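# need a structure here:
(chains A, B, C and D)
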Protein chains: 2
Amino acid sequence: MATAAPLTPERILEATEEVLRRHGAAKATVVDVARALGVSHGTVYRHFRTKAELRGAVTKRWLDRTSVALAGIVTGSEPPEAKLRHWLAGLFDAKQHKAGDDPELFATYTVLTEENGDVVNDHIAELTGQLTAIIQQGVADGDFASPDPALSARAVFDATSRFHDPCYAPHWSRPGIDEAFAAVLDLTVRGLRA
Amino acid sequence: MATAAPLTPERILEATEEVLRRHGAAKATVVDVARALGVSHGTVYRHFRTKAELRGAVTKRWLDRTSVALAGIVTGSEPPEAKLRHWLAGLFDAKQHKAGDDPELFATYTVLTEENGDVVNDHIAELTGQLTAIIQQGVADGDFASPDPALSARAVFDATSRFHDPCYAPHWSRPGIDEAFAAVLDLTVRGLRA
DNA sequence: CAGATGACAGATTTCAATATCTGTCATCTG
DNA sequence: CAGATGACAGATATTGAAATCTGTCATCTG
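The predicted model follows:
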């Protein structure tokens, strides 16, 4: 574990992710992270002022992976309605797999998001920003009607909460969930059409 | 407290509500309920087989008050779109007030709903049933388009989750919530239109 | 002397002993 | 004898003492 590589914030974040994966949100300590890196815990505090800041940085990394993946759909060449459908389906699919494939890790990150409201708000702002771009394009193309694309983006995000908000994760593996998602997706897209 | 009135399930439920209001969900005990009624706790077990059953019955009473209030809108004489808007606004308003006016009591009932999934499912079935009736009327009048009113009702209920699901209660007192609700309501109604 | 260390104080968590509660049932009472 | 009681066993919750953790900082080291 104690490689001689220089101690970068990046390496600390990786070690923290590993410790969180192993011990869970409740039992992951700064001392554990330091041990994984082969340094004293005082050294970790040299790079991150508090444990909360460290956990916040890890949370941001985790959330950013999703927004980066979805950004590709926004800049793609599909027509706006297809973009919107694929973007929302992609978000649901990503969440569904994160929650279903490794429930323990998902629970860990759910705790992290609960204690890092600011980081989550930034993430949501990024996502609704992407939605706004899609809707603006739709309005420009004459496919969507919206006097205020940012407000419509927020409405679309809110209306699909059940399929991306972690508080609904237990529902995502229930039978009928895909039909329910399709129904909300149709309702939402129809609501935007010109 | 120990009136001589006959000990009906009704009186036990009222006493249980009072004990829950006073002590909260975590500390309300069957012994407390019995004391409030001036009987021994064994007597309470004569009317309700378990504490869980007692709490479930109280939860049902609480939820039923909301569905009964909304049922009046369904059977009213407004056109379907107005009914739908008023019904959803009524649901949001009821929740917003329950949560805002007495946060402690709302937290208590939130715990109760979490431990009584079956009762909540029945409640949701009742509410989506009411929505289905409104949508069916809208389809019959030619105002709404829906190949499957029950599925559309579920979609409308899901799309507006953010404004009736207790897990979002902390959001209901935030600035901008009414604009957000109006935006989702518009999106939803537009999505249903023929 | 830049960067790491580990002892330390106060805050938080753990754990086991103690107290309380749930659900039952033999007994009591009007 | 219908309905209420309260002692009881096992389950659950509370409590406080002990252990661990967070964040600081004087000291050390290459």
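# Now do the contacts for the spatially most central residue of chain A.
In chain A, the residue lying closest to the centroid (Cα atoms, centre = their mean) is A:Leu63, at 3.5 Å. Applying Cβ atoms under 8 Å, 6 or more residues apart in numbering or on different chains to A:Leu63 gives the contacts A:113, A:119-120, A:123. For the C-beta atoms, the positions are set from N, CA and C on the backbone; glycine is no exception.
# Also A:Lys60?
Applying Cβ under 8 Å, 6+ apart, the residues near A:Lys60 are A:116, A:119, A:122-123.
# which among the residues you listed gets closest to DNA strand C?
Using Cβ to the nearest atom of the strand, A:Asn116 comes nearest to DNA strand C of the contacts of A:Lys60, at 15.8 Å.
# My read is that that closest one contacts A:Gly56, right?
Yes: between A:Asn116 and A:Gly56 there is a contact under Cβ atoms under 8 Å: 4.8 Å.
# how deep is whichever residue of chain A sits closest to DNA strand C tucked in, by neighbour count?
Going by Cβ to the nearest atom of the strand, DNA strand C is nearest to A:Gly42 of chain A, at 2.2 Å. Using other Cβ atoms under 10 Å in any protein chain shown, A:Gly42 has 9 other residues around it.
# So what does it look like in phi/psi?
Phi and psi for A:Gly42, reported as degrees, to the nearest 10, are phi -60, psi -30.
# Nearest residue to A:Tyr45 in space, please, no chain neighbours.
Spatially, and ignoring its direct neighbours in sequence, A:Tyr45 is nearest to A:Val30 (7.4 Å; Cβ to Cβ, 6 or more residues apart in numbering or on different chains).
# what about A:Ile177, how many neighbours?
16.
# Domain boundaries for chain A, per the record?
Domain assignment of chain A by automatic domain parsing yields the ranges A:9-47, A:52-192.
# In ChimeraX, how would I select just the buried ones from the contacts of A:Lys60?
To isolate the buried ones among the contacts of A:Lys60 in ChimeraX, judged by 16 or more other Cβ atoms under 10 Å in any protein chain shown, type:
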select /A:116,119,123
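# Among the contacts of A:Lys60, which ones are in helices?
A:119, A:122-123 (DSSP state H).
# With distance to A:Lys51 and pLDDT as extra columns, can I get the residues you listed in JSON lines?
Formatted as JSON lines, the ones in helices among the contacts of A:Lys60 follow (distance: Cβ to Cβ, whole Å; pLDDT from 0 to 100):
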{"residue": "A:Val119", "distance to A:Lys51": "15", "pLDDT": "98"}
{"residue": "A:Asp122", "distance to A:Lys51": "20", "pLDDT": "98"}
{"residue": "A:His123", "distance to A:Lys51": "21", "pLDDT": "98"}
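# follow-up on the earlier one: would you turn the contacts of A:Lys60 into a markdown table with distance to DNA strand C?
Formatted as a markdown table, the contacts of A:Lys60 follow (distance: Cβ to the nearest atom of the strand, whole Å):
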| residue | distance to DNA strand C |
| --- | --- |
| A:Asn116 | 16 |
| A:Val119 | 20 |
| A:Asp122 | 25 |
| A:His123 | 25 |
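# ok, back up a step: output the domains of chain A in CSV; the columns should cover distance to B:Thr75.
Formatted as CSV, the domains of chain A follow (distance: least, Cβ to Cβ, whole Å):
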stretch, distance to B:Thr75
domain A:9-47, 49
domain A:52-192, 25
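# now those domains as a markdown table including distance to DNA strand D?
Shown next, in a markdown table, are the domains of chain A (distance: least, Cβ to the nearest atom of the strand, whole Å):
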| stretch | distance to DNA strand D |
| --- | --- |
| domain A:9-47 | 4 |
| domain A:52-192 | 6 |
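# Quick check: which of these is nearest to B:Thr16?
domain A:52-192 (27.8 Å; Cβ to Cβ).
# now the end-to-end length of the closest one.
One end of domain A:52-192 sits 40 Å from the other (Cα to Cα, to the nearest Å).
# ok, now stretch A:131-150?
One end of stretch A:131-150 sits 8 Å from the other (Cα to Cα).
# need the residues of chain A near DNA strand C, please.
With Cβ under 7 Å from any atom of the strand as the criterion, chain A comes near DNA strand C at residues A:7, A:26-27, A:39-43, A:45-46.
# Take these and keep only those in helices.
A:26-27, A:41-43, A:45-46.
# can you redo those as a markdown table with pLDDT?
Output for these, formatted as a markdown table (pLDDT from 0 to 100):
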| residue | pLDDT |
| --- | --- |
| A:Ala26 | 95 |
| A:Lys27 | 95 |
| A:His41 | 97 |
| A:Gly42 | 96 |
| A:Thr43 | 96 |
| A:Tyr45 | 97 |
| A:Arg46 | 95 |
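# And those residues, which is closest to B:Arg22?
Using Cβ to Cβ, those come closest to B:Arg22 at A:Ala26, 31.6 Å.
# Enumerate every residue touching that closest one.
A:Val111.
# Compute the number of surrounding residues for the closest residue to A:Ala150 other than its chain neighbours.
The shortest distance from A:Ala150 to any non-neighbouring residue, by Cβ to Cβ, 6+ apart, is to A:Thr132 (4.9 Å). Look at A:Thr132: counted by other Cβ under 10 Å, it has 21 neighbours.
# And the pLDDT at A:Thr132?
With respect to pLDDT, A:Thr132 has a value of 98.
# list the buried ones in the helix or strand containing it?
Using DSSP states H and E, A:Thr132 falls within helix A:117-141. Neighbour-count burial for helix A:117-141, counted by 16+ other Cβ under 10 Å, picks out A:119-120, A:123-124, A:126-128, A:130-139.
# what does stretch A:160-173 give?
A:160-166, A:168-169, A:172.
# Tell me how far it lies from the chain's centre.
Put simply, stretch A:160-173 sits 13 Å off its chain's centre (Cα atoms, centre = their mean, to the nearest Å).
# same thing with stretch A:90-109?
Using Cα atoms, centre = their mean, the offset of stretch A:90-109 from its chain centre is 10 Å.
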